[in-house]
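J.: The following block contains a protein sequence and its predicted model.
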Amino acid sequence: MNSTETLTIKKETLDRIRKEITRFSMVYKFALDEVNTKVNILKEEFRLIHDYNPIEHVNSRVKSPESLYRKLQRKNLEPSITSIQESIKDIAGIRIICSFVSDIYRISEMIQAQSDIEVVEVKDYIQHPKPNGYQSLHIIMKIPVFMSDRIEHVYVEMQIRTIAMDFWASLEHKIYYKYNKQVPEHLTRQLKEAANTVAELDLKMETINNEINILKEQNASNNPEELLIDPREIMLQMVGKGMLKE
């Protein structure tokens with residue numbers, strides 16, 4: 001085999017590896033796009049029909065190559081695309097922040113009920129917090145991604161938590177890495193106490209919200225004219241927004 005043939009083989013190998021890595025990255029991005037679309041649809045439905053939005057905000061990300069490599073090392077896994085796809089289920093992640101604990105379970109139920117989602121595992125760290133106090137609801141799911149020549153079923157991890165839970169988790173994460181994962185015992189104890197305070201706050205806010213909803217229902221029943229709907233007014237609004245043609 002001459003040098004020209006060797007160079008040709010190396011180029012073909014590099015091209016194949018490049019395509020594999022590009023496809024690998026794309027499918028996780030596309031899977032996140034699919035899930036983000038589902039969440040945005042729920043947000044719009046709640047806003048337009050239910051006049052209430054349980055979703056405060058949404059973040060999503062695909063793990064960086066450096067982060068994946070560190071995880072492979074921790075798990076003593078072979079550094080290959082196949083190994084990553086089969087063993088790491090949180091490469092693509094989406095985090096949904098809600099106002100109340102009840103909203104977490106409402107969103108979870110709606111997401112899990114969608115027919116094209118395969119729920120792999122649910123970890124409820126709200127009912128069963130981690131020893132350090134961490135609370136959140138995790139759903140590992142598989143999302144179908146339709147490529148030009150095949151369907152890829154991609155793992156996505158969804159985390160759903162309240163604003164208070166998210167604040168605690170962000171603070172704990174910063175402290176954890178500031179001390180290079182060796183957090184002093186007194187700080188660990190205080191973080192656990194803070195997690196308990198977060199749980200109490202969420203419970204109190206949920207109670208207040210329920211009482212407000214009861215008062216709103218009572219006011220509506222005492223003032224039924226507030227519930228009267230003028231079909232003509234609705235039609236005019238829809239025409240004005242371009243939803244109907246005059």
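T.: Looks like it came in fine. Note that the coordinates shown come from a computational prediction; the quantities given were computed from them, not determined experimentally.

J.: Which elements pack onto the one helix or strand Val198 maps to?
T.: Using DSSP states H and E, Val198 falls within helix 185-222. Packed against helix 185-222, as judged by 3 or more C-beta pairs under 8 Å, 6 or more residues apart in numbering; DSSP states H and E, are the following elements: helix 101-112, helix 163-178. No exception for glycine: its C-beta is placed from N, CA and C like everyone else's.

J.: can you list those helices in TSV and add mean pLDDT?
T.: Shown next, in TSV, are the helices and strands packed on helix 185-222 (pLDDT from 0 to 100):
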stretch	mean pLDDT
helix 101-112	96
helix 163-178	90
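
J.: Tell me if I am right that Arg161 is in a helix.
T.: No: Arg161 is assigned strand when assessed by DSSP: H, G, I helix; E, B strand; the rest coil, not a helix.

J.: a strand runs through Val154, doesn't it?
T.: Yes: the assignment for Val154 by three-state DSSP puts it in a strand.

J.: I'd say it and Met147 touch.
T.: No: shown here, Val154 and Met147 do not form a contact pair, counting by C-beta atoms under 8 Å, at 10.5 Å.

J.: out of those two, which sits in the busier spot?
T.: Val154 (22 against 11; other C-beta atoms under 10 Å).

J.: Quick check: bridge partners of the more buried one?
T.: Beta-bridge pairing for Val154 (DSSP bridges): Ile143.

J.: for this protein, what are the low-confidence residue spans?
T.: By pLDDT under 70, the low-scoring segments of the chain are 1-18, 21, 220-221, 223-246.

J.: Any idea which of the helices and strands packed on helix 185-222 gets closest to Asn40?
T.: Asn40 lies closest to helix 101-112 among the helices and strands packed on helix 185-222, at 12.5 Å (C-beta to C-beta).

J.: Highest mean neighbour count out of the helices and strands packed on helix 185-222?
T.: Highest mean neighbour count of those: helix 101-112, a mean of 18 (counted as mean count of other C-beta atoms under 10 Å).

J.: so what does that helix touch, helix or strand wise?
T.: Where contact means 3+ C-beta pairs under 8 Å, 6+ apart, helix 101-112 is packed against helix 3-45, strand 92-98, strand 118-124, strand 137-146, strand 151-162, helix 185-222.

J.: what comes into contact with the second one?
T.: The one in question is strand 92-98. Strand 92-98 is contacted from outside by 28-29, 31-32, 35-36, 39, 54-63, 104, 107, 154-163, 166, using C-beta atoms under 8 Å, 6 or more residues apart in numbering.
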